[in-house]
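Colleague: just coords:
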């Protein structure tokens, strides 16, 4: 009987802590999204300087592509997808990895 009470108490603690963990993940995701959004605002503002880093990372992008992108993330993903013949998800993953490297530098 005592072991059932202990088990019930453990279950109650576990259930009560689930929203805390979920909330922490949501906060971390929101912070990361805000950081990325802030970074892209800076990228747009300094696109002429950033074009070199983008061209270095994705050499198959043309100067016309870079003019069309104008610091917009969605345009960059689309151009990478087109030029490299990869899925949107793969292009998103590449841009996401590039963003992480840029966020560390900021």
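Modeller: The structure has been received and is ready for your questions. Predicted model, so just to flag it, every value in this text is computed and none were measured.
Colleague: shaky segments in the protein?
Modeller: Per-residue confidence for the chain (pLDDT under 70) gives these ranges: 1-32, 104-106.
Colleague: residues contacting stretch 81-92, please?
Modeller: Contact partners of stretch 81-92, identified using CB atoms under 8 Å, 6 or more residues apart in numbering, comprise 58, 60-62, 65, 77-78, 80, 94. The way it works is simple: take the backbone N, C-alpha and C, and place the C-beta from them, glycine included.
Colleague: list buried residues within these.
Modeller: For the contacts of stretch 81-92, a neighbour count by 16 or more other CB atoms under 10 Å gives the buried set as 58, 61, 65, 77-78, 80, 94.
Colleague: report the two of those residues separated the most.
Modeller: Taking CB to CB, the two most distant members of the buried ones among the contacts of stretch 81-92 are 65 and 94; they sit 14.7 Å apart.
Colleague: can you tell me which of the contacts of stretch 81-92 lies closest to residue 41?
Modeller: Distance ranking of the contacts of stretch 81-92 against residue 41, using CB to CB, places residue 77 first at 16.9 Å.
Colleague: all strands of the protein, in order?
Modeller: Remark: strands of the chain are absent; assignment by DSSP state E.
Colleague: helices of that one, start to end?
Modeller: The residue ranges that make up the helices of the chain, judged by DSSP state H, are 2-45, 47-57, 63-69, 73-84, 88-105.
Colleague: relative to residue 95, how far out is residue 54?
Modeller: Between residue 54 and residue 95 the distance is 10 Å, computed by CB to CB, to the nearest Å.
Colleague: what sits in contact with each of those two?
Modeller: With contacts defined as CB under 8 Å, 6+ apart, the residues adjacent to both residue 54 and residue 95 are residue 76.
Colleague: biggest separation within the contacts of stretch 81-92, which pair?
Modeller: Pairwise distances across those peak at 17.3 Å for 62 and 94 (criterion: CB to CB).
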